[in-house]
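Participant: Below are the sequence and a predicted model; questions follow.
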Amino acid sequence: MDVEDVDEEEQPVVETEKEARPKKKRKLDEDSTSSEDEREESPKLPSRSPPPPATLPSFPLPVAPKAPSKATLALQGLDKALLSAELIDPSLTLSLDALERPPNEVPILSEKMKKRLTELGISELFAVQTALLPFLLPPQKRHRALYMPYDPPRDVCASAPTGSGKTLAYVVPIVEILSARIATRLRALIVLPTRDLVMQVQETFEAVSKGRGLKIGVATGQHSFAHEQGQLVADQVTKLHGGSSKVDILICTPGRLIDHLNGTPNFSLQHLRFLVVDEADRLLAQSFQDWLSQVLTAIRPPTTKPIPDSLSSLTLAPYHDALAPSWIASIPTDFDDKQEPSCQKLLFSATLTRDPSKIAALGLRDPKYFVVQGGDSDGVHVTEKFTMPPTLKEHMAVCSTVQKPVILFQLLQAHNVRNALVFTKSAESTTRLVRLFEFFKASFCAADGNAGGMSVTMQAYSSDLSASERRAILEKFKTKEIDILVCSDLISRGIDITHVSHVVSYDAPIDMRKYVHRVGRTARAGREGDAWTLIEDQEARHFKMMMREADHLNKLAKLKITEADLQPLLPHYENALRKLKELYGRS
Ligand SMILES: Nc1ncnc2c1ncn2[C@@H]1O[C@H](COP(=O)(O)OP(=O)(O)OP(=O)(O)O)[C@@H](O)[C@H]1O
């Protein structure tokens, strides 16, 4: 079988319609001709009805519609701010030394930060960072303050391809601004969808903020609630209007955050200077006890504000409560401007959130959009749904269900694949595929002593494993003790393992977002990467439709595999299938 040839079966829907239209026209033309002929031949009788027209009007052939104008898109409800997004060329980089500002302005990065980044091997900024750092670290000192109740900062939505360095784009500014603090308060809250991602972002914060005296906490439910409470809040006994915090930065999952908001005395978000929603498209799609509205409420000042001790007692004693400025009740005067919380919301995603109701729910303040994406700068391109790393090569093969495993094994062998992630549809199928591969490898090695390229190690990584088992496996994969991880979509969001050279969607992803996040595990940080998708015959139509709708089908080349390539592997594959059947039969 030539896998290349398999997927010629369906015609694009548009073409089918195109063909149908002219046929319809021909039919009508034929009808009109025949009636004219009949008129020629029939005896000339007086006719009661008016004669039919000589020819029927012809229908115009369908043409591809033009791209909608900005005004049309605006009318369709697309957020105005999104239409005027700043487009950033993905190939843009900027050396740390070139980050200059005039001497009368605050430099973008402090010398301490430059030194630390250099120690971490970062000598230049990636595209998303070149745009966000100057924006989040403005040139005037007052715009970098922790409290700006009369002139609060603009919110930010940033969309950039997977692996393009979004994490540092918020970690660096947060560390720079919070390092100016004099007392520990909860000033930055980072919300992520999974525990694994929380750990990863925590590592980045700890690395970047080393020596800056910031305290970083996590809340994911990995430890008992009481333990976490003790780590986050210093005083849970005295009622403190200003809250109490043992950390400056908290990185958490939404569920656990809500638990603390509702159940930890003195846990308060009133001092927040940054709220980061990373992997925003996924977090906004999930309700998690309506986490977002609870967080937004906790950031806003209460309607009845507490009066600090110093005012109520009319003494000059400093009030221990440390309320945030917009929380403090004051006697209103005619000159008072409205005070607002100083919290700046930063949303990050590899896929644009285009649902206007979701954007509205965030209550963004004069949001500024940054989109890292090639193409025109006329703004219309911003409406494209997905941005991929430019160093990613994408391929697909359509095949039968039966041949899929052996095609995978052939690809791994022929391309000498190491450092790969293979995605399956469920935890159960990860285990089954790994077992099948082990039987296959054993049969292959028994026949060919030197293993002929089948020496790779494969391991299942799925929700069937405990968190500690998963961590240990991931660590082994990072240190290259394991060559290939077969995983369910658990790993497909944000996990950063830079050496992944191949991502194989063994089971095709069911939607475009899943596809983007899976393939985004490779070609990270400017490296090359390959993404292969295996599609079963019956899935081909849906998959291609999905790709076409995302304007992405033309980016996928076909994988070249022939019958001759598979032939030598088939006896071992049959052996492996028999063994697997025996195993599952037994259990
Ligand atoms: N300026 C830089 N120089 C060198 N490496 C960098 C730089 N910025 C980020 N990286 C590295 O690039 C890798 C990918 O970064 P990161 O995880 O932030 O990507 P991401 O855009 O958040 O991806 P995803 O959408 O998949 O979560 C990380 O290993 C990070 O350390």
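Facilitator: Sure, I can see it. Numbering: from 1, shown residues only.
Participant: and the protein, which of its residues are near the ligand?
Facilitator: Residues of the chain lying near the ligand by CB under 6 Å from any ligand atom: 122, 124-126, 129, 160, 162-168, 350, 494, 496, 498, 520, 524-525. The C-beta positions use only the backbone N, C-alpha and C, and glycine is treated the same way.
Participant: Mark which of those are buried, thanks.
Facilitator: The neighbour-count test (16 or more other CB atoms under 10 Å) applied to those identifies 122, 125-126, 129, 160, 162-168, 350, 494, 496, 520, 524 as buried.
Participant: Out of the residues you listed, which sit inside strands?
Facilitator: Among those, the members falling in strands (DSSP state E) are Leu125.
Participant: Keep only those of the buried ones among the residues of the chain next to the ligand that are in helices.
Facilitator: Judged by DSSP state H, helices contain the following of those: Gln129, Lys166, Thr167, Leu168.
Participant: If you drop the residues flanking it in sequence, what lies closest to the last one?
Facilitator: Read it as Leu168. Gln129 (5.9 Å; CB to CB, 6 or more residues apart in numbering).
Participant: quick one: contacts for the one you found?
Facilitator: Leu94, Gly165, Leu168, Ala169, Val172 (CB atoms under 8 Å, 6 or more residues apart in numbering).
Participant: Now the last one, what are its backbone angles?
Facilitator: Main-chain torsions, Val172, degrees, to the nearest 10: phi -60, psi -50.
Participant: Kindly report the domain assignment for the chain.
Facilitator: The chain breaks down into these domains under automatic domain parsing: 70-302+321-383, 392-586.
Participant: Out of those domains, which gets the lowest mean score?
Facilitator: Lowest mean pLDDT within the domains of the chain: domain 70-302+321-383, at a mean of 84.
Participant: tell me which residues in stretch 507-527 are buried?
Facilitator: 507-509, 512-524, 526.
Participant: which ones among these are found in helices?
Facilitator: Per DSSP H, those map to helices at Met512, Arg513, Lys514, Tyr515, Val516, His517, Arg518, Val519.
Participant: Return the member of the residues you listed nearest to Ile535.
Facilitator: Nearest to Ile535 among those: Tyr515, at 11.4 Å, using CB to CB.
Participant: leaving aside the residues next to it on the chain, what's closest to that closest one?
Facilitator: Pro509 (4.3 Å).
Participant: And Met113, by the same measure?
Facilitator: Glu176 (5.8 Å).
Participant: do you know how far that neighbour is from Pro134?
Facilitator: 12 Å (CB to CB, to the nearest Å).
Participant: which of the two has more neighbours?
Facilitator: Comparing Glu176 with Pro134 by other CB atoms under 10 Å, the one with more neighbours is Glu176, at 23 against 17.
Participant: from memory that one sits against Leu137, does it?
Facilitator: Yes. Using CB atoms under 8 Å, Glu176 makes contact with Leu137 at a distance of 5.8 Å.
Participant: Common neighbours of those two, please.
Facilitator: Counting by CB under 8 Å, 6+ apart, the residues touching both Glu176 and Leu137 are Leu109, Arg144.
Participant: Show me the two of the ones in helices among the buried ones among the residues of the chain next to the ligand that sit farthest apart.
Facilitator: Farthest pair in those (CB to CB) is Gln129 and Thr167. Separation: 9.8 Å.
Participant: joint contacts of the two?
Facilitator: What both Gln129 and Thr167 touch, as defined by CB under 8 Å, 6+ apart, is an empty set.
Participant: OK, contacts around Lys115?
Facilitator: Contacts of Lys115 by CB under 8 Å, 6+ apart: none found.
Participant: Show me the beta-bridge partners of Ile251.
Facilitator: Ile190, Val218 (DSSP bridges).
Participant: Do you have the helices of the stretch 201-350 of the chain handy? List them.
Facilitator: Assigned by DSSP state H, counting those that start in this stretch, the helices in the stretch 201-350 of the chain fall at 225-232, 254-263, 280-285, 291-299, 309-312.
Participant: JSON lines please, covering those and showing mean neighbour count and distance to Leu323.
Facilitator: Shown next, in JSON lines, are those (neighbours: other CB atoms under 10 Å; distance: least, CB to CB, whole Å):
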{"stretch": "helix 225-232", "mean neighbour count": "16", "distance to Leu323": "19"}
{"stretch": "helix 254-263", "mean neighbour count": "18", "distance to Leu323": "18"}
{"stretch": "helix 280-285", "mean neighbour count": "20", "distance to Leu323": "29"}
{"stretch": "helix 291-299", "mean neighbour count": "18", "distance to Leu323": "14"}
{"stretch": "helix 309-312", "mean neighbour count": "14", "distance to Leu323": "10"}
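Participant: Reformat those helices as a markdown table; add distance to Glu549.
Facilitator: As requested, the helices of the stretch 201-350 of the chain are exported to a markdown table (distance: least, CB to CB, whole Å):
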| stretch | distance to Glu549 |
| --- | --- |
| helix 225-232 | 43 |
| helix 254-263 | 30 |
| helix 280-285 | 17 |
| helix 291-299 | 28 |
| helix 309-312 | 60 |
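Participant: which residues sit in contact with the most centrally placed residue in the chain?
Facilitator: Note on the chain: the residue nearest the mean C-alpha position is Ala350, at 3.8 Å, using CA atoms, centre = their mean. Ala350 makes contacts with Ser159, Ala160, Pro161, Thr162, Lys166, Asp281, Phe386, Thr387, Val516, His517, Gly520, as judged by CB under 8 Å, 6+ apart.
Participant: between those, which is nearest Glu549?
Facilitator: Looking across the contacts of Ala350 and measuring by CB to CB, the closest to Glu549 is Phe386, at 10.7 Å.
Participant: per-residue confidence at that closest one?
Facilitator: Reported pLDDT for Phe386: 66.
Participant: from the stretch 301-450 of the chain, which residue is nearest to the ligand?
Facilitator: Ala350 (4.2 Å; CB to the nearest ligand atom).
Participant: Excluding chain neighbours, what is closest to that residue?
Facilitator: Using CB to CB, 6+ apart, the closest residue to Ala350 is Thr162 (4.7 Å).
Participant: Looking at the ones in helices among the buried residues of stretch 507-527, which one is closest to the ligand?
Facilitator: His517 (6.9 Å).
Participant: roughly how far apart are the residue nearest to Gly526 when sequence neighbours are not counted and Lys558?
Facilitator: With sequence-adjacent residues excluded and distances taken as CB to CB, 6+ apart, Gly526 is closest to Thr391, at 6.2 Å. From Thr391 over to Lys558 the distance is 20 Å, taken as CB to CB.
Participant: Compare those two (neighbour count), which wins?
Facilitator: Thr391 (17 against 14).
Participant: contacting residues for the more buried one?
Facilitator: Ala523, Gly526, Arg527, Glu528, Gly529.
Participant: tell me the secondary structure for Leu566?
Facilitator: The three-state label given to Leu566 by DSSP: H, G, I helix; E, B strand; the rest coil is helix.
Participant: show me the residues around it that make contact.
Facilitator: With CB under 8 Å, 6+ apart, Leu566 has these contacts: Met1, Gln403, Val406, Ile407, Gln410.
Participant: Would you mind measuring from it to the ligand?
Facilitator: Remark: distance between Leu566 and the ligand (CB to the nearest ligand atom, to the nearest Å) = 34 Å.
Participant: i'd like the first residue to be 8 from this point on
Facilitator: All right, first residue 8 from here; so that's Leu573.
Participant: neighbours around the closest residue to Leu330 other than its chain neighbours, how many?
Facilitator: Distances taken as CB to CB, 6+ apart place Gly249 nearest to Leu330, at 4.5 Å, with adjacent residues excluded. Using other CB under 10 Å, Gly249 has 20 neighbouring residues.
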